[in-house]
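S.K.: mind folding the following:
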Amino acid sequence: MFRDESRKVERKVRASSQLSYQTEDQLQSSSSRQLSQPRQSNNPFHVSPSPLGQPSTPDLDKGVEFFCDNYITFICDRPTGRAALPSSIAWNFLFTNPGYSTACSAAGYAGLANSTGDSGHMIKARNQYVSSIHNIESKIQGNTDLAMSFESAIILAVFEVVNAGSWSVHVQGATAILMRMAANDQAMLPRTQLYWIFFVLVKCLVAEESSPPGIEIWSQQIQTRMRSDDIPAAPLAYITSRFTDLYASVKSGRLVDSELIIQQATALEIELDSWEQNLPISWYFTDKTPENTSHAFQNTSHTYHNFWVARMLSNYRWTRILVNNLLLFHLSHSHPSRPTALSTISRLSTDICHSVASFLEPCIIEEGQRSPYPVLSGCVFIIFPLAVAGCGIGVGEEMHEWVVGTLEMLGGRLGIVSALRLVGVVRRLRGEWAGFGGVE
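M.R.: Model (predicted):
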């Protein structure tokens, strides 16, 4: 579906970058693309500079500064509050953990190179990338500081997302580290683990492969440690994993019977509808007209209780859109369920677009849920949902073009090449799917 159809990822630029995680899975090392000047977007978006950029911090290299300014969020006590990260333990973490800082530098320099076209920044990015892999391998072999190794592996996955490289190796590596941590009674926060499950599922969907075995058991184990208001995310992860398996079966040709596909997709749709109808009040959101409408589709944005709710609802939306897309592929044109499926796709795609502003602004994290690690910005997590919304069957031209413009902004101004690559995929899929829903 969203598999990258461009030329194969260029293999190792430098011999030293051919390292591998020495984990239980004997993973191969990641690859990266050569620098290419991103296409500039004409979309009138404005990205507000973070507090870190004013003034510059002399103890950080330009890669870390770009990473902090663009790829991590800033903790606020309320939606309009001032970012608090520079005085938090997460800010101090960058100075006391050189291995993690090196990974952030790699991702930041890659984004800086992509947004400016400066090949010198990409050379620095790759050097930092290799150093970070060395550091992770050393920690894993010594079975020390696995939490830092996990967080660093996530940042290296971000490096590949930024650089449109093969990020699956880092997803697998981080998952292996998580498993080792669990075996050593060092489990990460439940929210962190649920985030990671959805990250893994997106990787599986893009690769058109089944979800890893044991997702249901893993989700259930996480659920026992979650706060009551957070619990809905666990069953959602299991529903999404089952759709991932169904989608992989259809794409591989293992399942070709339309009646069986409709039956299984309908069952998932019913579960997702029930899931939404039974959400606690803390998961509700309100619409507002923000002061800065540059990220607001139709001048409307959502306000959420916290960043957790915003991101989990985003996972729900893209899952349900894809379920209904699959249904529309296999339902007859006269089937009575088609109007409902089209309406669901339109509503949830609109919600994704209305939520973009909340992903690009400072977020609210409750005191008890704050990690010692900097929290990744929503600009990374919104790319896949945006692509799903932009090519959902039956969505209007206005929404489609707004999504394309937003992806171009993320690619051009923030240097996330994966977002630019998805523009072509979104346009192609919209054209291919036009006959299934009557695109405006």
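S.K.: tell me which residue lies farthest from the centre of this structure.
M.R.: The C-alpha centroid of the chain is most remote from Ser334, which lies 36.1 Å away (CA atoms, centre = their mean).
S.K.: now do the helix or strand where Ala182 lies: which elements does it pack against?
M.R.: Counting by DSSP states H and E, the element that carries Ala182 is helix 168-183. In terms of contacts (3 or more CB pairs under 8 Å, 6 or more residues apart in numbering; DSSP states H and E), helix 168-183 is packed against helix 119-142, helix 146-162, helix 190-207. To be clear about C-beta, it is placed using only N, CA and C from the backbone, and glycine gets the same treatment.
S.K.: mind putting those into TSV with distance to Thr406?
M.R.: Output for the helices and strands packed on helix 168-183, formatted as TSV (distance: least, CB to CB, whole Å):
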stretch	distance to Thr406
helix 119-142	24
helix 146-162	16
helix 190-207	18
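S.K.: quick one, which of the ones you listed is packed in tightest?
M.R.: Comparing the helices and strands packed on helix 168-183 by mean neighbour count (mean count of other CB atoms under 10 Å), helix 146-162 ranks first with a mean of 26.
S.K.: mind exporting the C-alpha coordinates of that one to PDB?
M.R.: This file holds the C-alpha atoms of helix 146-162, laid out as PDB (Å, rounded to 0.1, in the frame of the first residue of the first chain):
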ATOM      1  CA  LEU A 146      19.200  -1.000  27.900                       C
ATOM      2  CA  ALA A 147      16.600   1.800  28.400                       C
ATOM      3  CA  MET A 148      19.000   4.300  26.800                       C
ATOM      4  CA  SER A 149      19.800   1.800  24.000                       C
ATOM      5  CA  PHE A 150      16.000   1.400  23.300                       C
ATOM      6  CA  GLU A 151      15.500   5.100  23.200                       C
ATOM      7  CA  SER A 152      18.600   5.500  20.900                       C
ATOM      8  CA  ALA A 153      17.300   2.800  18.600                       C
ATOM      9  CA  ILE A 154      14.000   4.800  18.300                       C
ATOM     10  CA  ILE A 155      15.900   7.900  17.300                       C
ATOM     11  CA  LEU A 156      17.900   6.000  14.700                       C
ATOM     12  CA  ALA A 157      14.500   4.800  13.300                       C
ATOM     13  CA  VAL A 158      13.600   8.500  13.200                       C
ATOM     14  CA  PHE A 159      16.800   9.100  11.300                       C
ATOM     15  CA  GLU A 160      15.700   6.700   8.600                       C
ATOM     16  CA  VAL A 161      12.200   8.200   8.500                       C
ATOM     17  CA  VAL A 162      13.800  11.600   8.100                       C
END
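S.K.: residues making contact with stretch 428-437?
M.R.: For stretch 428-437, contacts defined as CB atoms under 8 Å, 6 or more residues apart in numbering pick out 1, 325, 328-329, 338, 342, 345, 390-391, 393-395, 400, 439.
S.K.: now those in a markdown table, with pLDDT, distance to Asp145 and secondary structure?
M.R.: Output for the contacts of stretch 428-437, formatted as a markdown table (pLDDT from 0 to 100; distance: CB to CB, whole Å; DSSP: H, G, I helix; E, B strand; the rest coil):
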| residue | pLDDT | distance to Asp145 | secondary structure |
| --- | --- | --- | --- |
| Met1 | 62 | 37 | coil |
| Asn325 | 96 | 42 | helix |
| Leu328 | 95 | 48 | helix |
| Phe329 | 93 | 47 | helix |
| Arg338 | 95 | 53 | helix |
| Leu342 | 96 | 50 | helix |
| Ile345 | 98 | 44 | helix |
| Gly390 | 96 | 40 | helix |
| Cys391 | 93 | 42 | coil |
| Ile393 | 95 | 47 | coil |
| Gly394 | 93 | 49 | coil |
| Val395 | 94 | 45 | coil |
| His400 | 96 | 45 | helix |
| Val439 | 42 | 51 | coil |
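S.K.: which one of those residues sits closest to Leu189?
M.R.: Ranked by distance to Leu189 (CB to CB), these are led by Met1 at 30.8 Å.
S.K.: quick one: mean pLDDT for stretch 121-132?
M.R.: Across stretch 121-132, the average pLDDT comes to 95.
S.K.: change the start of the numbering to 489 and stick with it
M.R.: Happy to do that; since the first residue is 489 now, the last one works out to stretch 609-620.
S.K.: thinking again about what came up before, chain center to the helix holding Ala670: distance?
M.R.: 17 Å (CA atoms, centre = their mean, to the nearest Å).
S.K.: and the pLDDT for the residue nearest the centre of the chain?
M.R.: By CA atoms, centre = their mean, the chain has its centre lying nearest to Phe869, at 2.8 Å. Note for Phe869: predicted pLDDT of 88.
S.K.: and it, what does it touch?
M.R.: 799, 802, 847.
S.K.: buried stuff in the helix or strand containing Leu898?
M.R.: Using DSSP H and E, the element containing Leu898 is helix 885-900. Neighbour counts over helix 885-900 (16 or more other CB atoms under 10 Å) mark 887-888, 890-900 as buried.
S.K.: how about the CA coordinates for that helix, as PDB?
M.R.: What follows is helix 885-900, C-alpha atoms only, in PDB (Å, rounded to 0.1, in the frame of the first residue of the first chain):
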ATOM      1  CA  GLU A 885     -10.300  17.300  -3.400                       C
ATOM      2  CA  GLU A 886      -9.900  20.000  -0.800                       C
ATOM      3  CA  MET A 887      -8.800  17.600   1.900                       C
ATOM      4  CA  HIS A 888      -6.500  15.700  -0.500                       C
ATOM      5  CA  GLU A 889      -4.700  18.800  -1.600                       C
ATOM      6  CA  TRP A 890      -4.400  20.000   2.000                       C
ATOM      7  CA  VAL A 891      -2.800  16.700   3.000                       C
ATOM      8  CA  VAL A 892      -0.400  16.900   0.100                       C
ATOM      9  CA  GLY A 893       0.600  20.500   1.200                       C
ATOM     10  CA  THR A 894       1.100  19.400   4.700                       C
ATOM     11  CA  LEU A 895       3.300  16.500   3.700                       C
ATOM     12  CA  GLU A 896       5.300  18.900   1.500                       C
ATOM     13  CA  MET A 897       5.700  21.200   4.400                       C
ATOM     14  CA  LEU A 898       7.000  18.400   6.700                       C
ATOM     15  CA  GLY A 899       9.400  17.300   4.000                       C
ATOM     16  CA  GLY A 900      10.600  20.700   2.800                       C
END
